[in-house]
Structure formats: C-alpha cells, structure tokens
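Participant: give me a model of this one.
(one chain, ligands or ions: 1)
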Amino acid sequence: MSLEHSQDVHLESSDTGVDILKIENAHAIARMSLFGGHVLGFMPKHDEQERLWLSDKAVLDGSKAIRGGIPICWPWFGDHPSQPELPAHGYVRNQNWQLLSIDEADEQTTLRLAPHTTLNEGFDGQAELELEVRVGRSLTVTLTTTNIGDNPLSYGAALHSYLAAEDVTQCVIEGLSGDYKDKLDSGRIKPTPHPYRISGEMDRVHLTMPERVRLQSPAHPMQLLQSGHDSIVVWNPWSNKSQQMSDMPDNGYQCFVCIEAAVTQGYTLAPKQSHQLQQQIT
Ligand SMILES: O=P(O)(O)OC[C@H]1O[C@H](O)[C@H](O)[C@@H](O)[C@@H]1O
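Facilitator: Residues are numbered from 1 along each chain as shown. Okay, the predicted model is just below:
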C-alpha cells in the first residue's frame with residue numbers, strides 16, 4: 001500500500017527538506033527519515049521506553065549523515081578499503097531513499113525502502129539494496145543486498161544502532177565473548193571483558209557472531225538478535241570525541257552505546273545471490 005492509503009504511517013514533516021515518517025500501530029511508535037533510510041526512534045507502547053538514541057544536535061536537513069538512530073552503512077564499513085578519502089561507512093546513509101511499500105498487519109507495520117542509487121565512487125558492483133523495517137513489539141531491520149550483475153560482488157555493511165541508555169556507565173553488555181579487534185589500539189586483538197561495562201572510549205570489532213546480545217541497564221534491558229553479520233561492533237566516543245563532534249552534545253556519550261550488526265570482513269555474493277543483514281531490537 002502507498003503512504004496516502006496507510007492508517008499506520010504518516011508524513012510527520014518535510015520542514016527541513018527531508019521527509020520524516022511517523023509509524024504508529026497498537027504496539028509501538030517509530031520514526032524514520034527517508035534521507036539515509038534511517039530509523040530515528042522506536043518506542044514500544046507496553047513500556048514506553050525509547051530504545052534508540054538520537055542526538056539533539058543531529059542534522060536532519062540532508063546535508064550530512066544523521067547522528068543517532070540506525071544509520072545504514074553500505075557498501076563498506078568504516079574507511080573504504082583502498083580509498084580512505086571517500087566517506088566513512090559508504091554513501092547510502094547520505095542519500096535519499098524511496099518508500100516502496102507499506103504493509104499493515106495486526107502484529108506489525110512493515111515498510112520497504114530502497115536508496116536512490118546503489119552506484120557511487122568506490123563501488124562498481126551491480127547491486128540491488130532493500131531495507132525492510134518492521135515495527136511491532138520489536139523493531140526488526142533487514143538489509144538485503146542482491147547481486148544483479150554477472151560477476152561476484154563484495155561489500156561491507158552495518159546496522160549502526162545507537163541504543164539509548166540513561167547512564168551508559170550503569171549498563172552491562174552480555175552475550176559477547178572471545179576476542180575483539182581494538183580499533184583504538186592499531187587493531188590489536190584483546191579478550192572480551194567480563195563483565196562488559198562501558199567506562200571509556202571504545203571502538204571494538206568483535207569477530208565472534210553471537211545471535212543474541214543483551215544490553216542490561218537499570219531502566220530497561222534490551223535484547224538484540226542478529227543474523228547475516230560477521231562481527232558485532234561496540235562503539236562509544238566518550239567525552240573528548242563527543243566534544244569534537246559538531247552534531248553531538250558534549251555529554252552525548254553518556255546516553256548511548258552503539259552495538260552494531262556488521263559485515264566488516266567483506267561478504268562476496270555470486271551472481272543472482274542475495275544476502276540479508278538483520279537486527280532485531282526488543
Ligand atoms: O562518525 P561516524 O562516521 O558516524 O562513525 C562513528 C563510528 O562508527 C563505527 O562504530 C566505527 O567503528 C567507528 O570507528 C566510528 O567512529
């Protein structure tokens with residue numbers, strides 16, 4: 001169904017030049033920006049606890065990627081593998097997406113979106129990209145990449161979720177084990193701490209692939225279910241870096257931790273093959 005005929009999805013604003021959609025059904029309220037195909041917020045009605053953090057200083061006029069919510073990183077994660085001058089995390093978080101369809105059912109409202117284009121500097125794969133956002137008691141975000149060319153295609157991606165925390169120092173991450181790659185220490189391999197608290201700057205690529213991760217916090221524990229990923233990335237910029245970011249309040253780092261379902265090692269798709277990266281937040 002289209003936006004005009006939808007009961008659950010409405011255009012909330014276009015004031016800044018970017019369409020913001022509000023999705024509301026019996027179970028939850030969510031917001032999405034069509035710039036970036038970007039989920040901005042998700043609040044289940046049964047506990048009225050917002051699950052995602054969105055910066056008060058986020059730029060919502062389409063001039064830069066949005067700080068908070070769930071940025072979509074594609075077709076590379078972090079720096080481009082050979083051209084570091086290209087934008088970090090690829091280019092689809094910096095472009096307009098179109099709404100393809102809305103489906104309304106008792107348990108959930110489902111939106112399907114696609115970016116304006118999948119081609120840009122730094123990537124010449126023939127790919128189709130689709131984002132499915134399911135809003136119900138949980139939020140489920142699925143990014144499907146399809147190789148529509150005749151040659152193998154390699155890409156990286158992340159669902160870069162900013163999870164809301166009243167006080168991040170009171171949170172514990174459960175479900176991660178084994179080693180991680182410390183991006184703040186030249187990629188050194190280190191053991192995952194137990195208990196896993198957030199007490200300083202972190203930029204960690206956990207190369208284990210747990211399906212289930214929990215963010216325990218006094219206010220509202222969250223459960224994250226992942227599939228299609230090769231890594232879980234844990235990121236918090238802490239105080240100094242927060243102050244250096246124009247779109248982050250100085251104390252922003254206290255209110256979130258990113259736990260990202262990511263493909264950091266590159267995934268190769270044979271012609272006509274599809275791959276889905278999914279994260280569910282409850
Ligand atoms: O500032 P951004 O480009 O949105 O990136 C924010 C962060 O994303 C990921 O978590 C990366 O691992 C970090 O290295 C990066 O700093």
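Participant: what does the stretch 1-150 of the chain put close to the ligand?
Facilitator: Contact residues (Cβ under 6 Å from any ligand atom) of the stretch 1-150 of the chain with the ligand: 65, 78, 88, 89. Every residue, glycine included, has its C-beta placed from N, CA and C.
Participant: can you select the buried ones from the residues you listed in PyMOL?
Facilitator: Remark: buried members of those, expressed as a PyMOL selection using 16 or more other Cβ atoms under 10 Å:
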select buried, resi 65+78+89
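Participant: tell me which residue of the stretch 101-250 of the chain lies closest to the ligand.
Facilitator: For the stretch 101-250 of the chain, the residue closest to the ligand is residue 235, as judged by Cβ to the nearest ligand atom, at 3.3 Å.
Participant: spatially, which two of the residues of the stretch 1-150 of the chain next to the ligand are the most separated?
Facilitator: In these, two members sit farther apart than any others by Cβ to Cβ. They are 65 and 78, at 13.4 Å.
Participant: the helices in the stretch 151-282 of the chain, which residues?
Facilitator: Using DSSP state H, counting those that start in this stretch, the helices of the stretch 151-282 of the chain run over 238-244.
Participant: any idea how far the residue of the chain positioned farthest from its centre is from residue 272?
Facilitator: Computed with Cα atoms, centre = their mean, the residue of the chain farthest from its C-alpha average is residue 150, at 29.2 Å. Residue 150 sits at a distance of 9 Å from residue 272 (criterion: Cβ to Cβ, to the nearest Å).
Participant: quick check: neighbours shared by residue 65 and residue 78?
Facilitator: residue 89 (Cβ atoms under 8 Å, 6 or more residues apart in numbering).
Participant: next, count neighbours for the residue of the stretch 101-250 of the chain closest to the ligand.
Facilitator: Other residues within reach of residue 235, judged by other Cβ atoms under 10 Å, total 18.
Participant: that one contacts residue 202, correct?
Facilitator: Yes. The pair residue 235 and residue 202 qualifies as a contact (Cβ atoms under 8 Å) at a distance of 6.2 Å.
Participant: give me the neighbour count for residue 275.
Facilitator: Neighbours of residue 275 (other Cβ under 10 Å): 17.
Participant: ok, it - contacts?
Facilitator: 144, 145, 228, 267, 269.
Participant: which SS class is the closest residue to it other than its chain neighbours?
Facilitator: Nearest residue to residue 275, sequence neighbours excluded (Cβ to Cβ, 6 or more residues apart in numbering): residue 145, at 5.2 Å. With DSSP: H, G, I helix; E, B strand; the rest coil as the basis, residue 145 sits in strand.
Participant: who does residue 145 form a beta bridge with?
Facilitator: residue 129, residue 275 (DSSP bridges).
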